[in-house]
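Q: following is a predicted model, sequence given first.
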Amino acid sequence: MPLQPPPLDADGNVVPHDHDGILADDILIRRISEQHILGPEGSRRISTMAFQGSSDGTGMSVDIEKLIREAMLDPATFVTTEEYFCSVQFKTAQIRAEALQVGYYPLVENPYHGAVWGIGSKGQRNRLRRMAQWFVEGIGIALNDAA
């Protein structure tokens, strides 16, 4: 079932919000690129940088799995590109338990796009990293400090 459009400001930009159509058990997918990986070969891991909001205030980008599935697409194939070669997942309830907002933020090139707003400290980014689970596994990459 399609989500209601997100709230917009006077300039037509999506404003941070907690979308009631994104349910507690819905899966949020965070794509991971090489810029999110730290360490030399054999001890590579995902950096906390992968779990921060964008510097332009648009939040941390995620894909909303149920929307991809409703479009009859394979989510793992959809989120995997040459740039984003692996991804992690969260349940929406986990993100909201961190007092973060989860909203719908459709883009022309990605109508299944959402955002997470309110990520603050490095400690909070570390908690997000620890709760993340692989969606599309990064071979030879640890989610945390230990492989």
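A: Everything's here; your move. Everything numeric here is computed off the predicted structure, so don't read it as measured data. Residues are numbered from 1 along each chain as shown.
Q: per-residue pLDDT, residue 145?
A: Note for residue 145: predicted pLDDT of 60.
Q: just use 395 as the starting number from now, easier for me
A: Fine by me, first position is 395 from now on; the one you just mentioned is residue 539.
Q: what does stretch 442-454 contact?
A: Stretch 442-454 is contacted by residues 408, 410, 424, 426, 429-430, 455, 482, 495, 497, 499, 509-513, 516, 519-520, 522-523, 526 when judged by C-beta atoms under 8 Å, 6 or more residues apart in numbering. Placement of C-beta: from N, CA and C, glycine included.
Q: stretch 495-513 too?
A: The contact list for stretch 495-513 (C-beta under 8 Å, 6+ apart) reads 397-400, 408, 410-413, 415-416, 422, 445-447, 452-458, 461-462, 465, 472, 486, 489-490, 492-494, 519, 522.
Q: from these, which land in helices?
A: 461, 462, 472, 486, 489, 490, 519, 522 (DSSP state H).
Q: how much space is there between the residue nearest to the fourth one when sequence neighbours are not counted and residue 517?
A: So that's residue 486. In this structure, residue 486 finds its nearest non-sequential neighbour in residue 420, 4.7 Å apart by C-beta to C-beta, 6 or more residues apart in numbering. Separation of residue 420 from residue 517 (C-beta to C-beta, to the nearest Å): 25 Å.
Q: which one of these two is surrounded by more residues?
A: Ranked by neighbour count (other C-beta atoms under 10 Å), residue 420 and residue 517 place residue 420 first, with 19 against 9.
Q: any idea how far residue 465 is from the more buried one?
A: The gap separating residue 420 from residue 465 is 15 Å, by C-beta to C-beta.
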